[in-house]
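Peer 1: below are the sequence and a predicted model; questions follow.
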Number of protein chains: 2
Amino acid sequence: MSRSDLPSHTCTIARAVAQVGDEWTLLIVREMFLGTRRFDDFLRLTGMSSHLLAQRLKKLEAEGVIRRAPYLERPPRHEYRLTEKGRDLWAVIIALKQWGDAWLGTDDIPVQIMHKACGKVVRPHMTCPDCGERIEAHDAEAQLSRNFELERRAARRAP
Amino acid sequence: MSRSDLPSHTCTIARAVAQVGDEWTLLIVREMFLGTRRFDDFLRLTGMSSHLLAQRLKKLEAEGVIRRAPYLERPPRHEYRLTEKGRDLWAVIIALKQWGDAWLGTDDIPVQIMHKACGKVVRPHMTCPDCGERIEAHDAEAQLSRNFELERRAARRAP
DNA sequence: TTAGTCAATTCAAAATAAGAAGTGACTATT
DNA sequence: AATAGTCACTTCTTATTTTGAATTGACTAA
């Protein structure tokens, strides 16, 4: 069985994790939501090495999460911006933030979210779109597709 | 400036990322939400190496995200379960799932979420707790604390 | 002329991960 | 009783990544 045949890779969670489930990548995406656009700023604000930053930016661009936008022709300069696919990662970053605030925070909450429509600082949470109630782990049950279920059964049998 | 002084580490998002922002760790947590509890099952269902699995489980236990629960004394056997802190990662995993379904999915959605209260399969999303509206990236504005803002300004100046 | 900015690339050394094999305490099967 | 199998790991060697420092090239500002 090859790596990509594993049930972990049929799963869209696993595929998402393969694209953005990496320490530096998530920090880059956080920076983008805070408005950072330039190579040197990413470097200084995250503390990562330039080598790795260049690599990650290339990967994210190839995946369509960010795009390079030239802002100067001579010398060639450009900035990095989130694509729509990238902006859609907002919920992931916010979920991490809420968890961090709840379990790893101190008295100071470094980043707060203001809902433009309300004008208020809020703590967004996961909601059922059907009944409008907040959903957490114990309110939900995971249902596996037939396909996925079969793959997992096979994987558990064969080592 | 030492690594832990970087503004990336004052930030609760960065701290969350340091604890769980890693490919294999996120896959382990996903497995736990799917009900997996035993070493060998994690191995087979994720495809990771036993070395790395043992290491990650140790780290997650040390951080209080999971706990070892003995279920047999002789031979000593135990399983791994999420703690409350671990279960609180649900929103992170679901946010990743929604993103994966939207941007990396095929026709088959491998994992669906059923809201127990409704009995319906739903796609949870981030909501403003104040007005109850769905929130996405463009509806929100990040506000940095005075402290965090100052740290970032310093980091941008000093390379 | 010298220093500085920006967006990288290059290179050696250190850290981490992969993959295979082995371990120890059992249970189940022949 | 001997052999095979399960579970939860650990150990080992080899390969891959990451770090950290230095360098590059096309400019601008003092």
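Peer 2: Perfect, thanks for sending it.

Peer 1: near DNA strand C, which residues of chain A show up?
Peer 2: Proximity of chain A to DNA strand C is assessed by Cβ under 7 Å from any atom of the strand, with A:3, A:38-41, A:50-51, A:54, A:57, A:68, A:75, A:77-79 identified as the residues in range. From N, CA and C alone the C-beta is placed, and that goes for glycine too.

Peer 1: and chain B, is the helix or strand hosting residue A:96 touching that?
Peer 2: Taking DSSP states H and E as the criterion, residue A:96 maps to helix A:90-104. Yes: with Cβ under 8 Å from any Cβ of the partner chain as the threshold, helix A:90-104 lies in contact with chain B, specifically through A:90-104.

Peer 1: so who does residue A:28 touch?
Peer 2: In this structure, residue A:28 makes contact with A:42, A:46, A:53, A:56, A:57, A:60, judged by Cβ atoms under 8 Å, 6 or more residues apart in numbering or on different chains.

Peer 1: one more time with 7 Å
Peer 2: Residue A:28 is in contact with A:42, A:46, A:56, A:60, counting by Cβ atoms under 7 Å, 6 or more residues apart in numbering or on different chains.

Peer 1: I figured the second one hits residue A:27, correct?
Peer 2: By that I understand residue A:46. Yes: the pair residue A:46 and residue A:27 qualifies as a contact (Cβ atoms under 7 Å) at a distance of 4.8 Å.

Peer 1: ok and the residue in chain A nearest DNA strand D?
Peer 2: Relative to DNA strand D, the nearest point of chain A is residue A:74 (3.2 Å; Cβ to the nearest atom of the strand).

Peer 1: which of the contacts of residue A:28 sits closest to DNA strand C?
Peer 2: residue A:42 (8.2 Å).

Peer 1: so that closest one is in contact with residue A:53, correct?
Peer 2: Yes: the pair formed by residue A:42 and residue A:53 meets the contact definition of Cβ under 7 Å, at 5.6 Å.

Peer 1: mind listing the strands for chain A?
Peer 2: In order along the chain, chain A carries the following strands (DSSP state E): A:66-72, A:77-82, A:111-115, A:120-122, A:125-127, A:140-144.

Peer 1: out of the ones you listed, deepest packed?
Peer 2: Here the criterion is mean neighbour count by mean count of other Cβ atoms under 10 Å in any protein chain shown, and of those the winner is strand A:125-127, at a mean of 22.

Peer 1: burial check on residue A:108, number of neighbours?
Peer 2: Summarising burial for residue A:108: neighbours were counted as other Cβ atoms under 10 Å in any protein chain shown, giving 11.

Peer 1: name the spans of chain A whose pLDDT lies under the cut-off.
Peer 2: For chain A, applying pLDDT under 70 flags the ranges A:1-5, A:158-159.

Peer 1: what parts of it come near DNA strand D?
Peer 2: Residues of chain A lying near DNA strand D by Cβ under 7 Å from any atom of the strand: A:22, A:24, A:48, A:49, A:50, A:51, A:52, A:55, A:74, A:75.

Peer 1: the last one: neighbour count?
Peer 2: Residue crowding around residue A:75 was assessed by other Cβ under 10 Å; the count is 5.

Peer 1: thinking again about what came up before, from the contacts of residue A:28, pick the one nearest chain B.
Peer 2: Distances from the contacts of residue A:28 to chain B were compared by Cβ to the nearest Cβ; the smallest belongs to residue A:46, at 4.9 Å.

Peer 1: related to what we said a few turns ago, any chance of the strands of chain A in TSV, with distance to residue B:83 too?
Peer 2: As requested, the strands of chain A are exported to TSV (distance: least, Cβ to Cβ, whole Å):
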stretch	distance to residue B:83
strand A:66-72	35
strand A:77-82	33
strand A:111-115	25
strand A:120-122	27
strand A:125-127	19
strand A:140-144	18
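
Peer 1: what about the helices in chain A?
Peer 2: For chain A, the helices defined by DSSP state H cover A:7-10, A:12-20, A:23-33, A:39-46, A:50-63, A:84-87, A:90-104, A:146-157.

Peer 1: more neighbours: which of residue A:42 and residue A:53?
Peer 2: When residue A:42 is set against residue A:53 and neighbours are counted by other Cβ under 10 Å, the residue ahead is residue A:42, at 23 against 18.

Peer 1: which residues are in contact with that one?
Peer 2: Contacts here follow Cβ under 7 Å, 6+ apart; on that basis residue A:42 touches A:28, A:31, A:36, A:53.
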